[in-house]
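K.L.:
below: sequence and its predicted model.
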Amino acid sequence: MRQGNEPNHSINRTPKSYAFWFPTRCALRRRLCQTLGIMKPDRAPLNESQEHARRQLVSLCRAVLAEELSFFEAAIQITRLRQSVGVPEGDSDLMAFVAIASESDHLPPHHIQNRWSPEALKKFQPEFERIEAWAKPFATEACQNIVGRFGSA
């Protein structure tokens, strides 16, 4: 409990959020560092497994950009792949999809929706739409970055 004129340190604390990982600031920082030669570009894949994971990642991102795959569905698959592509764990482009998966983990993935009642799916439809609208600005940029980084993989 605070007494007298002691500062209230809890006022300046912000709740944990994914704002730090959203690619707008981080992707710009990465591009600037690469342009200035401060940061090395992504390493070449070390083995066939990483090369395969990067090809899958690029394929998923291209499907998202072509609007063949939702951000929600892509996030589920990309978060499974992120440990296999050979980039640092905190990679901002991949963390964008971790944020989407975290925000939508209560929603049923497409492959199990046939087990859900139509009424329940209808109830979740506004939530699906909200997640897609929320994710579109930063996930589109993350997909473009991923295709640019690994498109030749």
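P.N.:
Happy to help now that I have it.
K.L.:
for the longest helix along the chain, what is the average pLDDT?
P.N.:
Ranked by residue count under DSSP state H, the longest helix found in the chain is helix 118-150. For helix 118-150, mean pLDDT is 92.
K.L.:
which helices and strands sit right next to it?
P.N.:
helix 23-36, helix 48-65, helix 71-81, helix 92-103 (3 or more C-beta pairs under 8 Å, 6 or more residues apart in numbering; DSSP states H and E). Using the backbone N, CA and C atoms, a C-beta is placed for each residue, glycine as well.
K.L.:
show me what counts as buried in the longest one.
P.N.:
It stands for helix 48-65. 50-51, 53-54, 56-58, 60-61, 63-65 (16 or more other C-beta atoms under 10 Å).
K.L.:
in CSV, list the C-alpha atoms belonging to it.
P.N.:
What follows is helix 48-65, C-alpha atoms only, in CSV (Å, rounded to 0.1, in the frame of the first residue of the first chain):
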residue,chain,number,x,y,z
GLU,A,48,16.8,-29.5,-46.4
SER,A,49,14.3,-29.3,-43.6
GLN,A,50,14.8,-25.5,-43.2
GLU,A,51,14.6,-25.1,-46.9
HIS,A,52,11.4,-27.0,-47.1
ALA,A,53,9.9,-25.1,-44.1
ARG,A,54,10.8,-21.8,-45.8
ARG,A,55,9.2,-22.9,-49.1
GLN,A,56,6.0,-23.8,-47.1
LEU,A,57,6.1,-20.4,-45.3
VAL,A,58,6.4,-18.6,-48.6
SER,A,59,3.6,-20.6,-50.1
LEU,A,60,1.3,-19.8,-47.2
CYS,A,61,2.1,-16.1,-47.4
ARG,A,62,1.5,-16.1,-51.2
ALA,A,63,-1.9,-17.7,-50.6
VAL,A,64,-2.7,-15.1,-48.0
LEU,A,65,-1.7,-12.3,-50.3
